[in-house]
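1. Need a 3D model of the following:
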Amino acid sequence: MPLAEFARATFALALTLGLIGLAAVALRRYGPGALGRFGGPKADRRLTLVETLVLDPARRVVIVACDGKERLILLGEGQLISEIATMPKGKS
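-> You can find the predicted model right below:
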């Protein structure tokens, strides 16, 4: 293999690895939800996930805000187990 082809292959490999590294740094900095931030205003959204807490590998508790109220919901094994409480938004 001539030296020029070896140098070109080495440069192509370095460039490819550099682009992959640059994409990893950009994804870490901006996060996977970065594209959603460019979508415009979110004022028309009614449903937001406020907080989530993992209880064990099968169950989790989530607080969901909808129409000015927050709901505490227990989820388990991919299904709704029960709605625990409803409270006005922003009040504990």
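
2. now Ile81: how far from Leu75?
-> 6 Å (C-beta to C-beta, to the nearest Å). (Glycine included, C-beta is placed from N, CA and C.)

3. what is in contact with those two at once?
-> Any residue near both Ile81 and Leu75 by C-beta atoms under 8 Å, 6 or more residues apart in numbering counts here, and that gives Arg59.

4. Kindly state the domain boundaries assigned to the chain.
-> According to automatic domain parsing, the chain comprises the domains 1-40, 42-92.

5. Would you convert those into JSON lines that also reports mean neighbour count and mean pLDDT?
-> Below are the domains of the chain laid out as JSON lines (neighbours: other C-beta atoms under 10 Å; pLDDT from 0 to 100):
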{"stretch": "domain 1-40", "mean neighbour count": "9", "mean pLDDT": "85"}
{"stretch": "domain 42-92", "mean neighbour count": "11", "mean pLDDT": "80"}
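
6. Have a look at the protein and report its longest helix.
-> If you go by DSSP state H, the chain has its longest helix at helix 3-30.

7. Show me what that one is packed up against.
-> The helices and strands touching helix 3-30, judged by 3 or more C-beta pairs under 8 Å, 6 or more residues apart in numbering; DSSP states H and E, number zero.

8. chain center to it: distance?
-> Chain-centre distance of helix 3-30: 26 Å, with C-alpha atoms, centre = their mean, to the nearest Å.

9. again, but for stretch 63-76
-> Computed by C-alpha atoms, centre = their mean, the chain-centroid distance of stretch 63-76 equals 19 Å.

10. First-to-last residue distance for that stretch?
-> Terminal residues of stretch 63-76 are spaced 14 Å apart (C-alpha to C-alpha, to the nearest Å).

11. Residues in contact with that stretch: which ones?
-> Defining contact as C-beta under 8 Å, 6+ apart, one finds that stretch 63-76 is touched by 46-52, 58-62, 80-90.

12. Apply 7 Å and report the result again.
-> Stretch 63-76 is contacted from outside by 46-51, 58-62, 80-89, using C-beta atoms under 7 Å, 6 or more residues apart in numbering.
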